Each structure stands twice: as structure tokens, then as C-alpha cells.
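# got a sequence here, can you model it:
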Amino acid sequence: MSSRKSSYINTTSLPRRPRAGGDPAHTVRSALKARLNSLRGITKFKMEMAVTCEPKGFGTSLNSAYAIERALLEALQPLQLRTKKLNQVEKNTLQRLKDYPLFMDAAKADVGKLIAEKHYKEVDYNHLPTLTDADLKTQLSSILFAISNCGYSAYYSISTVLATNITCVKVLVPGLDKFHLVQLGKKIMPGKRCYDAIGFNESL
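Take a look at the predicted model:
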């Protein structure tokens, strides 16, 4: 699915100083620097080992800076935890998908190819919304509104309620893709959002 749109952050727009009021935006650079420093301790064979599937990171939060931090650190984890076993798992995944080139492309997640083919849009950090100053009810309403605005509905069931009043719930949004499972070697058919992203006509 190499024509799927991708986004990346213009790093020159990231904050260079801590923000007042305890805003976690200041941790973006320091956390990334700390993780990069920790990578120096990785053995040489890990650093020289070929990466079969591109490392990638996803982060979500009502705080734009925290979302970026989570995505950056997650993208670095496959490098920090790289082992021969992980490499073999990735090779096995691609072997299972060898007869399905589009699925193979999706599993490889070649971000460089997406960028080279101009399948991305640049996002300016300064224009990302941040809602962390709002109370919890307002934050929840904002999330539900965004889901509804995209044509979806969210449902939940209560899994556990502890004596400490901590509640665990399971949330389901029918229609959302689980296309990330392709990286586990599963032939998951894309949903409408993915079809739209790659410009595929389901009627063909």
C-alpha cells in the first residue's frame, strides 16, 4: 500500500524551551536525546544488522507535544531492542506475504519510499491543537466529537471496577482499520479509510 498518505513533523517548529505551567512539551527534545544516548550502548552487531521492516512510531494524545514524543520514542524501540530473533520474525512475516506485493509493501513500511514519491503531507507543530488545559469531561467530549465527525460511533463495555474506584473499560469503534496487523503477517483487508487513502475503488 505504498501510496498511502503519510505525515511528518517539521522539526524546526518544535519548541526549543520548556513551557510554563508544567506543559510536557519540554520533554520532547530531552526524552528523544536521552533515548538516542541510550542507543549508543547497543552492541555493534545490532547496529550493523539489516532492518527488514522499517521502524515506525505512533503516538496519540490531546497534547500535541506528548503525541510527538510518544511517536518518536516508539519509532526508536525496534532499533534499541533489535535482535537476531526479531530479524527472523520479520523475515518470516514477509515470506508469508510474498505472493501479495501490496501487503508486502505495507509490512515493510518503507517510509523513505513514501517520501520519495511525495505521498505525505507536512504538519507544522505550531498548528497542532492541544486540549490538555481542558477538564476531563471536555477532553472526552472532544474525542467523541472527532470520532463522530469522521462518521463513526464509539461504544464501550465495563470490564472491571475495583474497590479503589478504578474502572477498566473496553472501547470499540466499528469501521476503524486494523491494517497494522499486516505487519504480523496477517492478510487483513483494508477498510474504507485505507481504501480512500490509497485511492482504491472498491467497485473494481
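# name the residue most distant from the centre of this protein?
Here the chain reaches farthest from its C-alpha mean at residue 163, the gap being 33.9 Å by Cα atoms, centre = their mean.
# what's that one sitting at in phi/psi?
phi -60, psi -20 (degrees, to the nearest 10).
# so how far is residue 133 from the residue nearest the centre of the chain?
The residue lying closest to the centre of the chain (Cα atoms, centre = their mean) is residue 58, at 1.8 Å. Look at residue 58 and residue 133: by Cβ to Cβ, to the nearest Å, they are 24 Å apart. Yep, even glycine has a C-beta here, placed from its N, CA and C like the rest.
# check residue 125 too.
Look at residue 125 and residue 133: by Cβ to Cβ, they are 17 Å apart.
# and those two? which has more neighbours close in?
Each of residue 125 and residue 133 has its neighbours counted (other Cβ atoms under 10 Å); residue 125 has more, 17 against 11.
# right, and the more buried one touches residue 63 too?
No - between residue 125 and residue 63 there is no contact under Cβ atoms under 8 Å: 11.9 Å.
# would you map the helices across this structure?
Using DSSP state H, the helices of the chain run over 27-39, 44-48, 64-80, 84-96, 101-108, 111-116, 136-149, 192-198.
# closest to residue 54 out of these?
Nearest to residue 54 among the helices of the chain is helix 111-116; the distance by Cβ to Cβ comes to 5.6 Å.
# what sits against residue 134?
Contacts for residue 134 (Cβ atoms under 8 Å, 6 or more residues apart in numbering) come out as 62, 142.
# phi first, then psi, for it.
According to degrees, to the nearest 10, residue 134 has phi -80, psi 160.
# cheers, nothing more for now.
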